[in-house]
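Novice: build the 3D model from these lines:
(one chain, ligands or ions: 1)
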Amino acid sequence: MLIFSGSSNTSLARKIAKDLGKNLSKLEIVTFPDKENRIRVIDKVLDQDVVVVQSTGVSPNRYYIELFLILDSLKRSGAKSITLVIPYLGYQRQDHIFRDGEAVSIEVIIKIIEGLGVGRVISFDLHSIKIPEFFKVPIVQLSALPVFAKEIEKMKTTDLVLVSPDMGGIRRIKLLAEQLGEKIPCISIEKNRDLNTGEVESTKINGEVKKTAVIVDDVISTGQTLISAANLLKKNGAEEIYVMATHGIFASDAPTALENSTIKKVIVSDTIEVRPNRRFDKLQIVSIANLIVDELRQ
Ligand code: R5P
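Specialist: Numbering: from 1, shown residues only. From the prediction side, this is the model:
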């Protein structure tokens, strides 16, 4: 098995390769002054099973184009099979038509990936249960929840509640509560997002707030969902508010906004590489590399 990495999350790709006792295979990625890319596979892939690790994140268009060219170069060079490890599958939040006239972005992305010869996909905590249905090739959905369960166990507090910041995430906190194996209460928050301005308002809490609140979400982009949820929890008696989210995009001024918020700690996994200049004091990153390695070993 050969492992190639795009440039979006090379630290995760290196961890995966190291745990498998391998080096990353060689790929040349050249960016021209106009930002077009040229990709060239250097190692021989003829009749080989290859794995490509590429996430998206703050620059999805850049990393998707890079990925498409990597896949094409591997296929043209004779790779026998291609497994795509795409820890964060960008564009997945547009998984249906919210308003007349919109594109279903994730369906377009999946069609392209499959058209370029990917035979299997490994990803994490997909935004909705319908996303796997878009795939014709096998898709393995892993989850950062077991890693978050360990972090909650370390907190050693009994007065704790799991919180979904919107109605769509209730299933996620129930799964986490099951993994913790204790009777941990789960509550949810009703939220409105203005689709024109992107502004978020948390309007109502369904359930009883406890001293420690752990808000669990799939993705943090601007951070507004979590900040708004945390403010409402604080007003209703929560003293310590933690956030756990699989995918930390941290777009625009999210790092500063989260650092200055009522949230005590923001824990994300390394499905997306958070560049050093986007990190902040309250941020903790936990790795999901071993979950990918276990899947690739099967
Ligand atoms: C929404 O349905 C998602 O689960 C996240 O809550 C949302 O995408 C987070 O976005 P932001 O950080 O910009 O509020």
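Novice: which residue packs closest to the residue of the stretch 1-150 of the chain found nearest the ligand, ignoring adjacent ones?
Specialist: In the stretch 1-150 of the chain, the residue that lies nearest the ligand is Arg93 (5.7 Å; CB to the nearest ligand atom). Any C-beta I mention is one placed from the backbone N, CA and C, and that applies to glycine too. Excluding the flanking residues, the one nearest Arg93 by CB to CB, 6 or more residues apart in numbering is His127, at 5.4 Å.
Novice: interface residues of the protein facing the ligand?
Specialist: 93, 165-166, 168-169, 200, 217-225 (CB under 6 Å from any ligand atom).
Novice: of the residues you listed, buried ones?
Specialist: Buried by 16 or more other CB atoms under 10 Å: 165-166, 169, 200, 217-225, out of these.
Novice: what about the helices in the stretch 101-250 of the chain?
Specialist: Ranges of helices in the stretch 101-250 of the chain, per DSSP state H, counting those that start in this stretch, are 105-115, 145-155, 170-180, 224-235.
Novice: out of these, deepest packed?
Specialist: helix 224-235 (a mean of 21; mean count of other CB atoms under 10 Å).
Novice: now render the helices of the stretch 101-250 of the chain as TSV, adding mean pLDDT.
Specialist: Compiled in TSV, those are given as follows (pLDDT from 0 to 100):
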stretch	mean pLDDT
helix 105-115	98
helix 145-155	96
helix 170-180	96
helix 224-235	97
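Novice: now those helices in JSON lines, with distance to Ser11?
Specialist: Below are those laid out as JSON lines (distance: least, CB to CB, whole Å):
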{"stretch": "helix 105-115", "distance to Ser11": "23"}
{"stretch": "helix 145-155", "distance to Ser11": "16"}
{"stretch": "helix 170-180", "distance to Ser11": "26"}
{"stretch": "helix 224-235", "distance to Ser11": "24"}
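Novice: quick one: low-confidence parts of the stretch 51-200 of the chain?
Specialist: Along the stretch 51-200 of the chain, no part satisfies pLDDT under 70.
Novice: if we go to 90?
Specialist: Applying pLDDT under 90 to the stretch 51-200 of the chain flags residues 156-158, 181-183, 193-198.
Novice: where do the strands sit along it?
Specialist: 81-85, 120-124, 139-142, 160-164, 186-193, 200-206 (DSSP state E, counting those that start in this stretch).
Novice: who does the shortest one pair up with?
Specialist: So the one you mean is strand 139-142. strand 120-124 (parallel) (DSSP bridges).
Novice: in the longest helix anywhere in the chain, what counts as buried?
Specialist: Criterion DSSP state H: the longest helix present in the chain is helix 60-76. Across helix 60-76, burial judged by 16+ other CB under 10 Å covers 60, 62-64, 66-71, 73-75.
Novice: find the pair from those residues with maximum spatial separation.
Specialist: Pro60 and Lys75 (22.0 Å; CB to CB).
Novice: contact partners for the residue nearest to Arg93?
Specialist: 92-93, 95, 218-219 (CB atoms under 8 Å, 6 or more residues apart in numbering).
Novice: could you do Met244 as well?
Specialist: Per CB under 8 Å, 6+ apart, neighbours of Met244: 148, 151-152, 214-217, 267-268.
Novice: format those residues as CSV; extra columns: distance to Val274.
Specialist: As requested, the contacts of Met244 are exported to CSV (distance: CB to CB, whole Å):
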residue, distance to Val274
Phe148, 17
Glu151, 17
Ile152, 21
Val214, 20
Ile215, 19
Val216, 18
Asp217, 16
Ile267, 12
Val268, 7
